[in-house]
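>>> Structure for the following, please:
(2 chains)
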There are 2 protein chains.
Amino acid sequence: MASTLKTILFFSIFTVFFLSRVSPKPHPLDSLTPSEFLLVRAIVNQSYPTFTHKLSFQYVGLEEPDKQVVKSWLSEPSSQPPPRQALVILRLNQQTRELIVDLSIRSVVSDKLYSGFGYSTVTTEDQEAAVDLALKHGPFLASIRRRGINISEIACFSQTIGWYGQMKTNRQLQVKCYYLDGTVNSYLRPIGGITIVADIEQMKISKYVDRAVIPLPKAEGTDYRASMITLPFGPHFNAAPPKPPGQTGFKLDVNVVSWANWKFHLAFDARVGPVISLASIYDAEKKTYRQVMYRSYISELFVPYQDPTEGWYRTTIFDSGEYGLGNYVVPLEPLNDCPSGAVFVDVYYAASDSKPVQVPDAMCIFERHSGDVMWRHSDVKREITETRPDISIVVRMVATAGNYDYILDWEFKPSGSIKFLIGLTGVLQVKAVPYTNTDQIEEEVYGTLVAGNTIGVSHDHFLTYHLDLDIDGDANSFVKTHLIRKRVKDENIPRKSYWNVEHEIAKTESDAKIQIGLNPPELLVVNPNKETKFGNNVGYRLVPGSTARPLLAIDDFPQIRAAFTNNNVWVTPYNKSEKWAGGRFVDRSRGDDTLAVWTKKNRRIKNKDIVMWYTVGFHHVPCQEDFPVMPTLSVGFELKPTNFFEYNPVLKTVPPQHLSWPNCTK
Amino acid sequence: MASTLKTILFFSIFTVFFLSRVSPKPHPLDSLTPSEFLLVRAIVNQSYPTFTHKLSFQYVGLEEPDKQVVKSWLSEPSSQPPPRQALVILRLNQQTRELIVDLSIRSVVSDKLYSGFGYSTVTTEDQEAAVDLALKHGPFLASIRRRGINISEIACFSQTIGWYGQMKTNRQLQVKCYYLDGTVNSYLRPIGGITIVADIEQMKISKYVDRAVIPLPKAEGTDYRASMITLPFGPHFNAAPPKPPGQTGFKLDVNVVSWANWKFHLAFDARVGPVISLASIYDAEKKTYRQVMYRSYISELFVPYQDPTEGWYRTTIFDSGEYGLGNYVVPLEPLNDCPSGAVFVDVYYAASDSKPVQVPDAMCIFERHSGDVMWRHSDVKREITETRPDISIVVRMVATAGNYDYILDWEFKPSGSIKFLIGLTGVLQVKAVPYTNTDQIEEEVYGTLVAGNTIGVSHDHFLTYHLDLDIDGDANSFVKTHLIRKRVKDENIPRKSYWNVEHEIAKTESDAKIQIGLNPPELLVVNPNKETKFGNNVGYRLVPGSTARPLLAIDDFPQIRAAFTNNNVWVTPYNKSEKWAGGRFVDRSRGDDTLAVWTKKNRRIKNKDIVMWYTVGFHHVPCQEDFPVMPTLSVGFELKPTNFFEYNPVLKTVPPQHLSWPNCTK
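You can find the predicted model right below:
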């Protein structure tokens, strides 16, 4: 569910030229800049003048150069970078067009009509239009009067509606309305019993049902502002110790972060949010940076609600493909969202007129001192204790999908590990019911009574990461290391069993579809052409975290659209066009362009440039503690070097020089 | 593998009386004090004078009072606490005796001969005796000469040998020897090809085989001391910011920790290490502390190695039952093992003469500022951002089991969650082989070539936690919340499926044996007699982490002894005598006194005082990064309040008052 308001900064033509002049030579993977968004606008408007066309920019983002082009530029960064191009998805006169705009030659180099199923991400204007239609719809106003509530205290949000086997689909959004009147929490007083669907192409309400008047949940207890809390107060805490001034610990060179032994490029995209590219780690032994990850981002986020009744069955959301995770970005609060010493970065995305929207402090980068231990060993006999405190660097963005807040972290550790962490907080999507105690409930309610008249509806979250690993080069293989129980054959040995490993190299895509179960194999991406000096293939291992699997029927429409969640892991050969696991046109899609479909080609993946797709999943049965704002629930996974280095890459670190709190009276 | 040296502090009789006088009235769950160990010694020596008896204290620990006795004292803490008693396990004239010693009346109140299978934890003296026997064994000295190495550079360690179906077992230990000669790393230059088994009752070598001379791994690259590192150095780091002086953030009242909304009792035991009892959380709404966890500790730690050859098949270690996790405790290094602001606690255990051994700085308690977010929500439309930084309190102990270092953390969060974390670091157990590259290997080697001539042997770690939860009172039930896929029945709804929850209350122990697989149920302990105001049963949910399952054959001897790892979760009715999942006498045990055996009684567990047992497991296929000291691998699990509170218990916290780095020039 997306909020509909964003601050739009207007840039004049003067600004365009000004910014174009001062910006340094861009990195080929840099996000589009404000001036580039305006340039896209100018170029597209030349082809499609707005006074003759009904035109909306559904998506504007970097059309990334081919990987080989980027790598060739990287090998000689003083050379001319590849031309800057933008991928533009237009809604033009009720048709969808995909354009490639070349910013260097200032022209549209490709312009295709899309005639397949589904639509691109909805815009803020689309969402506002749906809400406006609802708020002006006579029967809705009558419903409000019937409930005796005040129209000026109503906040409505639009939501995508999915696809349920219809032969013909239009661009439609459902509208869900909430009551404020004594609360600032926009999501906890749902006005139940009403279905509103708006056609945002025909600009009319296409479905309206008022089934029943259901008691409104109370405003009391829903506020979450510190300034408004009432007794009893929660516990008080110390603040984290501050960093000494100026000590960020890392270098940020335009968009390239260098810290300890890591280096990576940071970008932002309206559809997927943060994009981390070209992560490489310095190998002190080999005296060089070694490639680990070419590109990683959250390719799709699928959130199906588990209430099949009229007002709720449509709520099966694809946040990246239908809204854009990047469009959800919110400013971060220094010291509370990101600790002392954090550096904040602004981001920009295109509004539906391709004017840039600036979000200040949208991402932060900080050193994390977790209080954990990086490694240690005590040898009491030899009176040795060597211990190294843990430290890492984190890139954080928060995507607020209306009610929910997703805290998206990329964490790099000097040991070579990369952790991908999702913190889930914010407000539940709730449903109004007549009940104030579970003992009154005699029907299925599809969730938990988390407050009076309030069901927290059960749902799932599936985040599918695109992980284009390049372990020490492009040509990689995916290896399943099976742990196999064996019987002892030697008659002189009284023990009966042990386990040993068997490596299976995936030859094709179907060998690499993994559901992680009771005793899963260890999953590695290795470079079959590079060995350590002891003969092990250099590699990185996937360490799974929470791996809940979909429970919807495989032939159910939402699950057909989300078939990319049917396995926890998939591996594909690199293909620049396969960016988004749910497909390019996800709103009302029919699942004909997903990762699950692509991999039916069963392409060869052995010793190829490959991409791993990993889905973090979790089922959420709400509980009262999730009301009115959920304590953060964290899930994630890790990529861990496995015979990538010759030995522990943090062995030869020394304990840091510990600081004392300055004593100003001295 | 346990190191054999500890610093023993000698206490005079004067000290006993001195300490007895000044110590405050003890909490019934306090660990035995130094003076109490000496008092035990004096009382036992009265019954069994050492000039007529061969006597060794294998274990001395608190004999904890019955739970109801403790609870009744807690309800009136000014009343006389229950009498202090010690559980003493003696090896006396080649027999095992179990004594209960009452310290208040200064006498042995129970003294039983143990005639079952297995022996108690081995002592330092037992281990040293085995090593001494080996180092004086003629054939061993000949083997050393044959290898042309220097006896004075040899470090040997003893190890338990398990049980493999023998009808008769003696107290025996195997001895593994390593070469130093240019390294201080005691575990990376194994002298291969030799089996030594020592009978520590008969005081003789019972088995000696020298199968083959295997090349010694090199000393080069095995040192891990900061003072000795050579180029190339690893990355340099900033230290964590220091806390302002005096700001620990919590109160430590003898052994009771109070912090934020939490309160718990901290103790230490030679067998299990840290013991956290009486954890309760303040409910601001109910204006009272509410019980969560009566007692929790690591009941057993099973580490089977997966090499079935003569020199290795016996290496299937039960660290708690055979050595004592507490006996492994090492001093912690301020700022590196535990961050700024940590408070350190000394612990004591009994040597084999029941004199107290002091380990300074053995546990630490600190506030963790992880850099994460406790909860947040942004409402862009209403221009609200509320965000609260995460904070928690951690209790940490490190158990160095010879080569491995286990970092054992208990973390309490203000949201009510308790996290149990294990960090695994230290040195691998390795085996010498003739190979310097994998391409030379044409046999099974049961591990990874992690360095020249060095196999890191594959193995598992299974930590079984004893979790005596008392959710808002003693009488609790264990609930499996199944997530069930259902078909949509309403013909007007085009969606086909959804999931809903079905609660199954475990009636008996067999209903509560859980293997966590692909789509596990949610597992809760609830108080069926207490409801929230909306009618949900108050409860806590187990959030599993790494759940690797045993791969040994179920009928293999080590797995019979470790049958308590066959399920990830078990639930038993509270029984004071069922403390240790592997049984009381684990060394050479036959698996006839394990959790798996107890639960065969299939006792009733519904609405009873119950104990949950959870096993954290992981398979370790070593990699080169684990050499010569492993970067910490972290695993764990969480207990999370679920309808325990009426609403988010950290909602009504305010962001902390952030501090700035003092500017002393002002």
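
>>> Can the helix or strand containing A:His377 be said to contact chain B?
Assigned by DSSP states H and E, A:His377 falls within strand A:373-379. Yes - counting by CB under 8 Å from any CB of the partner chain, chain B has neighbours in strand A:373-379: A:373-379. Yep, even glycine has a C-beta here, placed from its N, CA and C like the rest.

>>> so how far is that strand from its chain's centroid?
35 Å (CA atoms, centre = their mean, to the nearest Å).

>>> what does that strand rub up against?
Contacts to strand A:373-379, defined as CB atoms under 8 Å, 6 or more residues apart in numbering or on different chains, come from residues A:384-391, A:413-415, A:648, A:650-651, A:653, B:3, B:184-186, B:224, B:330-331, B:336-337, B:398, B:400, B:405, B:407, B:423, B:425-427, B:629-632.

>>> Next secondary structure after the worst-scoring helix or strand of chain A on mean pLDDT?
Least confident element among the helices and strands of chain A, by mean pLDDT, DSSP states H and E: helix A:13-22 (a mean of 38). With elements assigned by DSSP H and E, the helix or strand that comes after helix A:13-22 is helix A:34-47.

>>> Which strands or helices does that following helix pack on?
When contacts are defined as 3 or more CB pairs under 8 Å, 6 or more residues apart in numbering or on different chains; DSSP states H and E, helix A:34-47 sits against helix A:13-22, strand A:55-62, strand A:85-92, strand A:95-102, strand A:107-114, strand A:343-350, strand A:356-368.

>>> at 6 Å instead, please
The contact analysis (3 or more CB pairs under 6 Å, 6 or more residues apart in numbering or on different chains; DSSP states H and E) places helix A:34-47 against helix A:13-22.

>>> what's the neighbour count on the residue nearest to A:Tyr224 when sequence neighbours are not counted?
Among residues not flanking A:Tyr224 along the chain, A:Val629 sits closest, at 4.7 Å (CB to CB, 6 or more residues apart in numbering or on different chains). For A:Val629, the neighbour count with other CB atoms under 10 Å in any protein chain shown is 28.

>>> what sits against A:Val629?
A:224, A:427, B:375, B:377, B:648 (CB atoms under 6 Å, 6 or more residues apart in numbering or on different chains).

>>> give me the number of residues near the closest residue to A:Ser546 other than its chain neighbours?
Leaving out its chain neighbours, the residue that sits closest to A:Ser546 by CB to CB, 6+ apart is A:Val635, at 4.1 Å. Look at A:Val635: counted by other CB under 10 Å, it has 19 neighbours.

>>> Could you look up the SS state of the spatially closest residue to A:Gly193 that is not a sequence neighbour?
Distance criterion CB to CB, 6+ apart; nearest residue to A:Gly193, sequence neighbours excluded, is A:Ala212 at 4.2 Å. Judged by DSSP: H, G, I helix; E, B strand; the rest coil, the three-state class of A:Ala212 is coil.

>>> hang on, the earlier thing: pull out the buried residues from the residues of strand A:373-379 next to chain B.
A:373-379 (16 or more other CB atoms under 10 Å in any protein chain shown).

>>> can you list the domain ranges for chain A.
Per automatic domain parsing, the structural domains of chain A span A:13-114, A:124-223, A:251-642.

>>> tell me the most buried of those domains?
Highest mean neighbour count among the domains of chain A (mean count of other CB atoms under 10 Å in any protein chain shown): domain A:251-642, with a mean of 21.

>>> just checking, A:Gly61 touches A:Ile89?
No - at 8.9 Å, A:Gly61 does not count as touching A:Ile89 under the criterion of CB atoms under 6 Å.

>>> so is A:Glu322 in a helix, a strand, or just coil?
Look at A:Glu322: counting by three-state DSSP, its state is helix.

>>> So it is in contact with A:Ser589, correct?
No - using CB under 6 Å, A:Glu322 makes no contact with A:Ser589, being 8.9 Å away.

>>> The residue nearest the centre of chain A bridge partners, please.
Nearest residue to the geometric centre of chain A (CA atoms, centre = their mean): A:Ile298, 4.0 Å. Note on A:Ile298: beta-bridge partners by DSSP bridges are A:Tyr465.

>>> and if you look at A:Lys207?
A:Val197.

>>> A:Ile196 is in contact with that one, correct?
No - using CB under 6 Å, A:Lys207 makes no contact with A:Ile196, being 7.2 Å away.

>>> Near chain B, which residues of the stretch 101-250 of chain A? Just list them.
Within the stretch 101-250 of chain A, the positions adjacent to chain B are A:164-165, A:184, A:186, A:224-226, A:229, A:232-235, A:237-245, A:249 by CB under 6 Å from any CB of the partner chain.

>>> Kindly supply the ChimeraX command isolating those of the residues you listed that are buried.
A single ChimeraX command selects the buried members of those (16+ other CB under 10 Å):
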select /A:164,184,186,224,234,235,237,238,239,240,241,242,243,249
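
>>> which stretches of chain A form helices?
Assigned by DSSP state H, the helices in chain A fall at A:13-22, A:34-47, A:67-75, A:124-135, A:138-147, A:557-561, A:595-598.

>>> re the thing from before, wait, the residue nearest to the centre of chain A sits on A:Leu463?
Yes - between A:Ile298 and A:Leu463 there is a contact at 5.4 Å, judged by CB under 6 Å.

>>> does chain B sit close to stretch A:637-652?
Yes - contact of stretch A:637-652 with chain B (CB under 6 Å from any CB) involves A:641-643, A:645-648, A:650, A:652.

>>> and that stretch, what's its mean pLDDT?
Mean per-residue pLDDT for stretch A:637-652: 97.

>>> Residues in contact with it: which ones?
Residues outside stretch A:637-652 that contact it (CB under 6 Å, 6+ apart) are A:285, A:374, A:414-420, A:524, A:532, A:536, A:538-541, A:543-545, B:229, B:233-234, B:623-625, B:627, B:629, B:631.
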